[in-house]
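*Asks:* sharing a model prediction with you, sequence too.
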Amino acid sequence: MGNLPGAVNPVWIWWLVVSQALPDNMEFTTVDLIRHGEPEGGSRYRGHIDDPLSKRGWEQMRSVVEEFAPWNRVLTSPLSRCREFAVELAEREQIPMEEIRDFMEIGFGAWEGKSAKELMDDDPESLRRFWSDPINNTPPDAETIGDFSQRITVRWEQIINDFRGEHMLVVGHAGVIRMIISHVLGMPMERMFRIDVPNAGISRIQIDHFGEESLPRLIFHAGILEQHGASEKA
């Protein structure tokens, strides 16, 4: 392509060329993943504990979405730190909302309700072992990473099939978002905790449908809707 000006990104040129060749009837499914805001009680390994959003958590969620609502439907974990915001948003935008039990957070067993500091005080190596190799270091009485992966990825593929061509919002948990992104990118499950998922962070996945074949792409992670052209309802 010769010498390109410093402001021109070759990736964008590649995408412009490829996009011109795409068929007019090609379908896209878009899924935005948003983690719940801060729950009451601050940062802890909650798992299935049903703490609601704190005042700050509500502010985080409302601030990141504001008037930007390009979605056709909202899917949410049934836990209140996700569901209560999903209900408010769906009612405001007059779009359907569905609770997805399979999108609950991973069960942390004996760790539930404890902070990272408390766990490290009990056993300084416990978190390091879990973060470095969660498959072989399951917390006591917790859900295994394998079981968690199975319930998340099976339901993920189901919603992509059921709502093909739509733009959805999934209100969920850090573990759920990590597992979905790992699945989309083909990452090993044991590396999922290398993905940081902040409170109220939004990630977007687009699935390009080529007839019977579907190819997912991570468009952005922990971003802001306004920065990615999502200011109008699709």
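*Replies:* Thanks, I have the structure now. Numbering: from 1, shown residues only.
*Asks:* is it true that Glu166 touches Arg73?
*Replies:* Yes: with contact defined as C-beta atoms under 8 Å, Glu166 counts as touching Arg73 (6.4 Å). Quick note: C-beta positions are derived from backbone N, CA and C, even for glycine.
*Asks:* number of residues surrounding Gly37?
*Replies:* Gly37: 23 surrounding residues under other C-beta atoms under 10 Å.
*Asks:* I misspoke; the intended subject was Pro140.
*Replies:* Using other C-beta under 10 Å, Pro140 is surrounded by 9 other residues.
*Asks:* quickly find the element holding it.
*Replies:* Counting by DSSP states H and E, no helix or strand carries Pro140.
*Asks:* touching, Gly146 and Met192? I think so.
*Replies:* No: using C-beta under 8 Å, Gly146 makes no contact with Met192, being 12.0 Å away.
*Asks:* and these two? which has more neighbours close in?
*Replies:* Set side by side, Gly146 and Met192 show more neighbours around Met192, with 25 against 11, by other C-beta under 10 Å.
*Asks:* in a helix, the more buried one, correct?
*Replies:* Yes: under DSSP: H, G, I helix; E, B strand; the rest coil, Met192 falls within a helix.
*Asks:* that one contacts Ser182, correct?
*Replies:* Yes: counting by C-beta under 8 Å, Ser182 is a contact partner of Met192 at 4.6 Å.
*Asks:* what's Ile177 in contact with, if anything?
*Replies:* Going by C-beta atoms under 8 Å, 6 or more residues apart in numbering, Ile177 touches Leu33, Arg35, Ile195, Val197, Ser203.
*Asks:* in this structure, which spans are strands?
*Replies:* Under the criterion DSSP state E, the chain contains strands at 27-35, 73-76, 97-99, 167-172, 202-210, 213-223.
*Asks:* remind me what the longest one packs against, helices and strands.
*Replies:* If you count contacts as 3 or more C-beta pairs under 8 Å, 6 or more residues apart in numbering; DSSP states H and E, strand 213-223 packs onto helix 174-185, strand 202-210.
*Asks:* now do 6 Å
*Replies:* strand 202-210 (3 or more C-beta pairs under 6 Å, 6 or more residues apart in numbering; DSSP states H and E).
*Asks:* check the first one too.
*Replies:* Counting contacts by 3+ C-beta pairs under 6 Å, 6+ apart, strand 27-35 is packed against strand 167-172, helix 174-185, strand 202-210.
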